[in-house]
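Chemist: prediction below, plus the sequence it came from.
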Amino acid sequence: MFDEKLTILMTNQAQSNIKLMCIGKLSCIIEYELKENKMNRKYLASTIGRKQLIGVAGLGLSLFILTHMLGNLLLFLGDGGEAYNRYAHALTSNKLIYVAEAGLLFIFCAHIVFATYTTFKNRQARPVKYKKVAKGEKKTSWAHKTMMHQGIIILIFVVFHLITFKYGTFYSVSYNGETMRDLYNLVVEVFQSPYYVAFYVFTVLLLGLHVGHGLASSIKTLGFNDPKYNLKIERLGQAYAFLVTAGFAAQPIYIYIFK
Amino acid sequence: MSDKNLDLHLKVWKQDGPKAEGHFIDYEAKSVSTDMSFLEMLDVVNEDLISTGKEPIEFDHDCREGICGTCSLVINGEPHGPQKATTTCQLHMRTFDNGDTIYIEPFRAKAFPVIKDLVVDRSAFDRIIQSGGYISVATGNAPDAHAVPVEKAKSDDAFMSAACIGCGACVAACKNASASLFTAAKISHLAAFPQGQPERTLRAQRMVAQMDEEQFGACTNTGACSAACPKEISLENIARMNREYLKSNI
């Protein structure tokens, strides 16, 4: 018996060795403790659980932003907005849109509620602020410090954005006898205002800053951080942020200048 | 040896107790040798204060060779001062210029209440360790050195994490006063070893729960902690902790 154990000990991998050595009792105690403490239920109450939820919701929103931006590129086709209107019509006439909108609203709210709560908790963690702020390598970047403020401006923008477009003036247009909303007309009309264009471009730049940090940070929060890939992940975040910002910002500028 | 001496203006946080209001007091440090460490400079200032019957500045220190993690101080907004991979006791005055104004503040966090002046109570870290920073071992004779083989890569990783001296600079540097880097270093250090496997799940659960209970903030992955860390503990540890914690919940 002893010989048997010894052979296994010497041949197996480190992990299985220790399982053998750390008598079964120990794991029983641990499992019992886990059940007793009901720790699993506290996941969303923990800082890490909350951050992971914010991250997952943020990744979901990033995906939405990307598809939204790509869809909007139809504005550039120069067909008087037909493709754009048809795309919008196809989306809104599908019954599944309610499910998608509800889901989007849910993750949007979850992201905001949990992020706001976490930010306030974070502020409470340092009641007395430092007189001097770090300047050198030990400083925290401005973009990281203002995630909350960026988020607030983006939220205000989203509300305005929905009022202006989704719930804005309803123009009609017919293509081959099919009547649908002429969203393109509204877009061109709205973007005649230099103020709206400026507000739009400003927010989209902030959005780029927000998702640029958010994307890379979410991946780390979810537990992935490997020096081999870190630079690539950072670059992915930056590339994504640039793509979204450039894609969105080009639209009002193009319409303001050319339409 | 340098024969250059510095005259410095210090603005030091003075606070009588945890509940008392703190404020900055100006001190002049005259003809400070550039070969002094930051703490030696404070020693000289304190000797002057004592000899003139004034109350000295309270600050934490112990080994003065950068390995114990007792010294603290936020110098001009930077934990352990401007130099990377350095504890305050190993920070030399040659880092500063003649006539500099230096703000000296305690590590600021709700979980690190000020005891007096620049001395803060870091026992929150001890409680995090107590909650799960241990492994179970069979008592009796010392085990054979190679009874449990450890892969080289894992052992290297564990050593990198184990370099943490628990000084609390990560908390001081973090905009959220988060203890993530400290807790993560301890969790990943033990999770890397076969000896740490039996309590792996429980450890992640308990240490994270304790960290939250002490009212440290959450991690925003800014990397300020790692930059301020005198032992350069990598941010990877935090991702490892997040992974361990997520796994422990599944």
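Modeler: It's in.
Chemist: domains in chain B, by residue range?
Modeler: Listed domain ranges for chain B are B:5-105, B:122-136+B:150-249 (source: automatic domain parsing).
Chemist: now check the first one, is it near chain A?
Modeler: Yes: between domain B:5-105 and chain A, judged by C-beta under 8 Å from any C-beta of the partner chain, the touching residues are B:11, B:22, B:24, B:74, B:76, B:77, B:78, B:79, B:82, B:84, B:103, B:105. C-beta coordinates here come from the backbone N, C-alpha and C atoms, glycine included.
Chemist: now that domain: mean pLDDT?
Modeler: The pLDDT scores in domain B:5-105 average 96.
Chemist: one step back: nearest to chain A among the residues of domain B:5-105 next to chain A?
Modeler: Proximity of the residues of domain B:5-105 next to chain A to chain A (C-beta to the nearest C-beta) peaks at residue B:77, which lies at 3.6 Å.
Chemist: contact partners for the closest one?
Modeler: By C-beta atoms under 8 Å, 6 or more residues apart in numbering or on different chains, residue B:77 lies in contact with A:130, A:131, A:132, A:133, A:134, A:135, A:139, B:103, B:105.
Chemist: any idea how far the residue nearest to it when sequence neighbours are not counted lies from residue B:78?
Modeler: Leaving aside its chain neighbours, residue B:77 sits nearest to residue A:132 (3.6 Å; criterion: C-beta to C-beta, 6 or more residues apart in numbering or on different chains). Relative to residue B:78, residue A:132 is positioned 8 Å away (C-beta to C-beta, to the nearest Å).
Chemist: same drill for those two, tell me which one is more crowded.
Modeler: The residue with more neighbours, out of residue A:132 and residue B:78, is residue B:78; 28 against 16, by other C-beta atoms under 10 Å in any protein chain shown.
Chemist: which SS state does the residue nearest the centre of chain B fall under?
Modeler: Centroid-nearest residue in chain B: residue B:167, 2.1 Å away (criterion: C-alpha atoms, centre = their mean). Three-state call for residue B:167 (DSSP: H, G, I helix; E, B strand; the rest coil): coil.
Chemist: so it touches residue B:72, yeah?
Modeler: Yes: using C-beta atoms under 8 Å, residue B:167 is in contact with residue B:72, at 6.5 Å.
Chemist: would you agree residue A:100 falls within a helix?
Modeler: Yes: secondary structure of residue A:100 (three-state DSSP): part of a helix.
Chemist: give me the element the residue nearest to residue B:77 is part of.
Modeler: Assessed by DSSP states H and E, residue A:132 sits outside every helix and strand.
Chemist: again with residue B:28
Modeler: strand B:23-33.
Chemist: what's that strand packed up against?
Modeler: With contacts taken as 3 or more C-beta pairs under 8 Å, 6 or more residues apart in numbering or on different chains; DSSP states H and E, strand B:23-33 sits against strand B:5-14, helix B:38-51.
Chemist: now the angle from the shortest one to strand B:23-33?
Modeler: Here strand B:5-14 runs at an angle of 160 degrees relative to strand B:23-33 (axes from the mean of the first three to the mean of the last three C-alpha atoms, to 10 degrees).
Chemist: which residues touch strand B:5-14?
Modeler: A:131, B:22-34, B:41, B:45, B:57, B:93, B:96-106, B:117-118.
Chemist: drop anything exposed from those.
Modeler: Listed as buried from the contacts of strand B:5-14 are B:22, B:27, B:29, B:32-34, B:41, B:45, B:57, B:93, B:96, B:102-106, B:117-118; burial here means 16 or more other C-beta atoms under 10 Å in any protein chain shown.
Chemist: rewinding a little: the residue nearest to residue B:77 and residue B:104 touch, don't they?
Modeler: No: using C-beta under 8 Å, residue A:132 makes no contact with residue B:104, being 9.5 Å away.
Chemist: now the common contact residues for these two.
Modeler: By C-beta under 8 Å, 6+ apart, residue A:132 and residue B:104 have these common neighbours: residue B:74.
Chemist: which residues in chain B form strands?
Modeler: B:5-14, B:23-33, B:74-75, B:78-79, B:101-105, B:114-116, B:119-120 (DSSP state E).
Chemist: same for the third one, what does it pack against?
Modeler: Same thing as strand B:74-75. strand B:101-105.
Chemist: report all helices and strands that the strand it packs on contacts.
Modeler: strand B:5-14, strand B:74-75.
Chemist: now it and strand B:5-14, what's the angle there?
Modeler: Using the same axes, to 10 degrees, strand B:101-105 lies at 30 degrees relative to strand B:5-14.
Chemist: how many neighbours does residue B:151 have?
Modeler: By the criterion of other C-beta under 10 Å, residue B:151 has 14 neighbours.
Chemist: with residue B:134 instead?
Modeler: When neighbours are counted by other C-beta under 10 Å, residue B:134 comes out with 13.
Chemist: how close does it sit to residue B:144?
Modeler: Taken as C-beta to C-beta, the span from residue B:134 to residue B:144 is 21 Å.
Chemist: ok, now residue B:160?
Modeler: Residue B:160 is 26 Å from residue B:144, by C-beta to C-beta.
Chemist: of the two, give the one with the bigger neighbour count.
Modeler: Using other C-beta under 10 Å as the criterion, residue B:160 and residue B:144 rank with residue B:160 on top: 19 against 8.
Chemist: okay but that one is in contact with residue B:229, surely?
Modeler: No: with contact defined as C-beta under 8 Å, residue B:160 does not count as touching residue B:229 (11.3 Å).
Chemist: do I have it right that residue B:183 meets residue B:128?
Modeler: Yes: here residue B:183 reaches residue B:128: they are 5.7 Å apart, a contact under C-beta under 8 Å.
Chemist: quick one: common contacting residues for the two?
Modeler: The contact lists of residue B:183 and residue B:128 share B:207, B:211, where a contact means C-beta under 8 Å, 6+ apart.
Chemist: who's more crowded, the two?
Modeler: Set side by side, residue B:183 and residue B:128 show more neighbours around residue B:183, with 32 against 26, by other C-beta under 10 Å.
Chemist: give the contact list for that one.
Modeler: By C-beta under 8 Å, 6+ apart, the contact list for residue B:183 reads B:128, B:207, B:208, B:211, B:241.
Chemist: that older thread, got any residues that touch both of residue B:167 and residue B:72?
Modeler: Going by C-beta under 8 Å, 6+ apart, residues that sit against residue B:167 and also against residue B:72 are residue B:80.
Chemist: now the helices for the stretch 51-200 of chain A?
Modeler: In the stretch 51-200 of chain A, the segments counted as helices under DSSP state H, counting those that start in this stretch are A:82-93, A:96-124, A:142-145, A:147-161, A:183-190, A:194-221.
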